[in-house]
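Colleague: Requesting a structural model of the entry that follows:
(chains A, B, C and D)
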2 protein chains.
Amino acid sequence: MLKANDDRATGNVTSARWTQIYDDLKAAILAHAIAPGTKLPEDELGDVYSVSRTLVRAALQALAHDRLVQLEPNRGAFVAKPTKREAREVFEARAIIEPKVAAMAAAVAKPADIKLLRKHLDEEHKAIHDGRQGDAIMLSARFHEGIAEIAGQSILTEIIQSLCSRSALIISLYSRRSDTFCESHAHHALVDAIAKNSEKDASELMTSHLVDLLSGIDVSENLAPPRKLSEILRGQ
Amino acid sequence: MLKANDDRATGNVTSARWTQIYDDLKAAILAHAIAPGTKLPEDELGDVYSVSRTLVRAALQALAHDRLVQLEPNRGAFVAKPTKREAREVFEARAIIEPKVAAMAAAVAKPADIKLLRKHLDEEHKAIHDGRQGDAIMLSARFHEGIAEIAGQSILTEIIQSLCSRSALIISLYSRRSDTFCESHAHHALVDAIAKNSEKDASELMTSHLVDLLSGIDVSENLAPPRKLSEILRGQ
DNA sequence: CATGCCTGAAATGAATCCAATCTTGCGTTG
DNA sequence: CAACGCAAGATTGGATTCATTTCAGGCATG
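Modeller: Got it, this is the predicted structure:
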């Protein structure tokens, strides 16, 4: 019953040419193909995509708004390096938002929605199995977004999207285990709860899933001297 | 030649020249000085601020990311006109997030925080009393942001900031009463609860406050023929 | 008289150009 | 030999210029 999803049909036709560059860079960052802290020179990117710096700058500005890159005046753009505090806050925010959204999704989920989610899980599983960790991370984020979409909350979907993106960056920086991206079974249990329209289970499973995710990263404040002094003096 | 604006000295790395235009336009939009749907021509704004279209476009792109303006390809930028569905979703999102944040704030609030909040309420009260409705709306938003700041959640603060901005726009479109911006007594009660470190009260007061806000706007879907056909055929 | 096409003006999209700033490396000097 | 200073190169910040699209008005036509 998606009565003329005007949100995307009319409202957001954000088709500019820089979105291509934006999407490309975003995918590369989230898939850990570009390490945090890497400089992103405008000239170089312009060469890669055969466009002028104008479009590159537009894309970089958009990524900066998403906090995936950091713009330093007169110095250029760098892949963002979230601090541990930011890392903690991102997961705290998700812990506040996503369980409720999962409950909302469970309340209204239809068989077609469940089918879509399960199909999604398959792809995710395949990506993990094939060792395509970059794809796995992005598919995991997509899964969380999918739940918000089922809840019919496009604004919360956007917020969760943003938080998941930042989570991917955080994981690439602070992950302690190699399987930090969502384990399949947690996602499976979540889908089952949503399929049974059990709001309570969905909410609790999402909460514990997020706790689990957080436990996989090292968010302890590093009071001891980090590797490089230069990092400290430049404000990390 | 009035440069000498060292951003890194202040630690504010997000400062470029277009932020001036961004802040200005944002304030004007939130204060309802510019009506939703108004076109924002690049040339005109460039003249106003005596800069080239380059900087204007950067500011407009940032505002578009905040969903305060809508960019239409080859047509230009317009002050956003949130749909009723968006309006409802914004307040639903706030209802999910803000009560929890209020509880967190109540848990950690110190006397100094309370003092700041009360000082804030004074300004808000004065603005309402003086009939400066534009200022009142912005101060009301600032109040909600302040609570998130007390909670020590900078990321949630950003999210709430964004939602409050959109709320201001929504109120300017769909407000039914003239006092739709937060009534002072609701805010006062909230501060009292936070001052007493009562998480439960703070959470519940915030919830009812948001319900109250939502009740002040008309979010009923207009299934009946809206005034002008032209509106429908152009999408919304 | 209404409809459709066509042309010119105006605004946006994007590339190029100039200025300002930072970085790097060499040479000078104590 | 180390440290400071300075100049050349590289990179970003912003303005200008060219191309493309849309919009408005007028003219021709059915």
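
Colleague: Can you give the distance from whichever helix in chain A runs longest to the centre of its chain?
Modeller: What stands out as the longest helix in chain A, according to DSSP state H, is helix A:84-108. Relative to the chain's own centre, helix A:84-108 is displaced by 12 Å; criterion: C-alpha atoms, centre = their mean, to the nearest Å.

Colleague: Buried residues, the helix or strand just after it. List them.
Modeller: From helix A:84-108 onward toward the C-terminus, using DSSP states H and E, the following helix or strand is helix A:111-129. Counting neighbours by 16 or more other C-beta atoms under 10 Å in any protein chain shown, one finds that the buried residues in helix A:111-129 are A:D113, A:I114, A:L117, A:H120, A:L121, A:E124, A:A127, A:I128. Backbone N, C-alpha and C define where each C-beta goes, glycine included.

Colleague: Same check on stretch A:210-222?
Modeller: Buried-residue list, stretch A:210-222, by 16+ other C-beta under 10 Å: A:L210, A:L213, A:L214, A:G216, A:I217, A:V219.

Colleague: Likewise for stretch A:127-145?
Modeller: A:127-128, A:133-141, A:143-145.

Colleague: That one and chain B, any residue contact?
Modeller: No. Against chain B, stretch A:127-145 shows no contacts by C-beta under 8 Å from any C-beta of the partner chain, the least distance being 14.8 Å.

Colleague: Give me the contacts around that stretch.
Modeller: The contact list for stretch A:127-145 (C-beta atoms under 8 Å, 6 or more residues apart in numbering or on different chains) reads A:27, A:30-33, A:98, A:117, A:120-121, A:123-124, A:157, A:160-161, A:164-165, A:167-168, A:171, A:181-182, A:184, A:187.

Colleague: In helices, which of those appear?
Modeller: Cross-referencing the contacts of stretch A:127-145 against helices under DSSP H gives A:27, A:30, A:98, A:117, A:120-121, A:123-124, A:157, A:160-161, A:164-165, A:167-168, A:171, A:184, A:187.

Colleague: Just the buried residues from those residues, in ChimeraX please.
Modeller: Entered in ChimeraX, the line below selects the buried ones among the ones in helices among the contacts of stretch A:127-145, by 16+ other C-beta under 10 Å:
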select /A:30,98,117,120,121,124,157,160,161,164,165,167,168,171,184,187
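
Colleague: Any stretches of chain A with poor pLDDT?
Modeller: Applying pLDDT under 70 to chain A flags residues A:1-14, A:177-183, A:221-236.

Colleague: Who are the contact partners of the residue in it that DNA strand D sits nearest to?
Modeller: Nearest residue of chain A to DNA strand D: A:G76, at 3.3 Å (C-beta to the nearest atom of the strand). Residues near A:G76 by C-beta under 8 Å, 6+ apart: A:K39, A:L40, A:P41, A:E42.

Colleague: quick one, what contacts the nearest residue to A:T38 once chain neighbours are set aside?
Modeller: Nearest in space to A:T38, with sequence neighbours left out and distances taken as C-beta to C-beta, 6 or more residues apart in numbering or on different chains, is A:V79 at 4.7 Å. Listed by C-beta under 8 Å, 6+ apart, the contact partners of A:V79 are A:I29, A:I34, A:A35, A:P36, A:G37, A:T38, A:L40, A:L68, A:V69, A:Q70, A:L169.

Colleague: and A:V79, what are its bridge partners?
Modeller: A:V69 (DSSP bridges).

Colleague: and chain A, which residues reach DNA strand C?
Modeller: A:A16, A:R17, A:W18, A:V51, A:S52, A:R53, A:T54, A:L55, A:N74, A:R75 (C-beta under 7 Å from any atom of the strand).

Colleague: Contact residues of chain A facing DNA strand D?
Modeller: A:39, A:41-43, A:53-54, A:57, A:71, A:73-77.

Colleague: Pull the number of nearby residues for the residue lying closest to A:S162 once chain neighbours are set aside.
Modeller: Spatial nearest neighbour of A:S162, excluding adjacent residues (C-beta to C-beta, 6+ apart): A:D66 at 6.1 Å. Close neighbours of A:D66, defined as other C-beta atoms under 10 Å in any protein chain shown, add up to 17.

Colleague: again, but for A:A64
Modeller: With other C-beta under 10 Å as criterion, A:A64 counts 19.

Colleague: In three-state terms, label it for me.
Modeller: When classified by DSSP: H, G, I helix; E, B strand; the rest coil, A:A64 comes out as helix.
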